[in-house]
Each structure stands twice: as C-alpha cells, then as structure tokens.
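Peer 1: Sequence and predicted model, in that order:
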Amino acid sequence: HQSAMQALLLGRTLIGERCYDVMRVIDVLDEFDCIDSNKIACMGNSGGGTTTFFASCLDERIQVSMPSGYVCEPEYSIAAMHHCQCNYIPSFSKYFSLSDISCLIAPRPLVIVAGDEDPIFPLVGTKKAFEGISKIYEKCNSPSQCRLIIGHGGHRFYAQEAYPVFNLFMESLK
C-alpha cells in the first residue's frame, strides 16, 4: 500500500515501477556473455503476474511471457472487489480493455495461467480477456502462440499444468 501510494504522489504507478525494475534487470543480463539474450522469459504470479504482463507489453526483449493469477478483464476483478493498490493504473479502463493491450505482446508467446476457483481474478473474466487476446493473436497470424492454462483451485500458480507449455515455447526460441 505505502509503495503504491508513494508512486502515485510522484505521478507514477507501482506497476510502472516494477516494470522498470524488470527492464533494468534485462539490461544487466545483456552484459553477460553467458546469457542468451534471445531467450529472455518472464513469469510471475499475482502481483508478479501483473508485472509480467505489463513488462512484456513494454519490453520486446521478453520473448516468452507467463503471467499467472492476473489476466482478467478489470470489470470482473480489480473494479469489482477490493484489491491491492499495486493493480491500478489511472484511467486505464477509460481507454483500454486488458485484452486490447496484449497487442503489445503479440505475436510473442503468451501463456496465461489461471485457477478455476480464483476468487479475486474470476475465471469468467479471464476467459473474456483470453477471447479478446486470441483475436489479436489470430490477426497477427500466430494463434498458437497464445495459450490459456486453467488449474483446479484458487489464486496460485499451477506449475504442473503450465511449465510443459512454457518449456515448449522456450525450446522453440532460436
């Protein structure tokens, strides 16, 4: 809460601050010869899923993105119930749906992970977002690059279901 409010006082958001941190880490990784910068991936759950989604929108060096416990249209999640302040971007819903901005990730691989009983990012809103995201990936001639993984349970990461798909995308990178 405190970090989110301090960022707002400075005209920034906590999502923006976290994405900036991810982008700076990638800058550092680029300095190491032992790192293949053509195989950078990002994944996270909950606030990490939020960061993964938006960092992938902002930085094309992220070749595979796997946000978990976040991708859901706002009217079903952050606008419908109490949420951590780290999920908010001022005026976002005035201009975009969550699926709209996935065009900044497409056609790079996107693995969306959700729980069928997630109480704060309900599956109905995740499916609605995925429907819009799928249309964007179809227009980019890359429908197979976008996948929705649904685990049985609540707000958590579903490794057993998600990593096989993620690993396939990573293996396909040159």
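Peer 2: Structure received.
Peer 1: tell me the residue furthest from the middle of this structure?
Peer 2: Asp33 (27.7 Å; CA atoms, centre = their mean).
Peer 1: Let's verify it: helix, strand, or coil?
Peer 2: Here Asp33 is recorded as coil under DSSP: H, G, I helix; E, B strand; the rest coil.
Peer 1: how far away is it from Thr52?
Peer 2: According to CB to CB, to the nearest Å, Asp33 and Thr52 sit 26 Å apart. In this view, the C-beta of every residue, glycine as well, is placed from N, C-alpha and C.
Peer 1: just Asp100 next, same as before
Peer 2: When Asp100 is compared with Thr52 (using CB to CB), they lie 18 Å apart.
Peer 1: and these two? which has more neighbours close in?
Peer 2: Thr52 (27 against 13; other CB atoms under 10 Å).
Peer 1: and the more buried one, what pLDDT?
Peer 2: You'll see Thr52 listed with a pLDDT of 98.
Peer 1: ok, it touching Ala41?
Peer 2: No - counting by CB atoms under 8 Å, Thr52 stays clear of Ala41, with 9.3 Å between them.
Peer 1: Name the residues contacting each of these two.
Peer 2: Common neighbours of Thr52 and Ala41 (criterion: CB atoms under 8 Å, 6 or more residues apart in numbering): Ser65, Met66.
Peer 1: any chance you could map the strands in the chain?
Peer 2: 40-45, 62-68, 110-115, 146-151 (DSSP state E).
Peer 1: any idea how far Ala55 is from the closest residue in space to Ser37 that isn't next to it in sequence?
Peer 2: Once flanking residues are discounted, Ser37 sits nearest to Asp30: 5.1 Å by CB to CB, 6 or more residues apart in numbering. Going from Asp30 to Ala55 by CB to CB gives 15 Å.
Peer 1: cool, Glu138 as well?
Peer 2: 24 Å.
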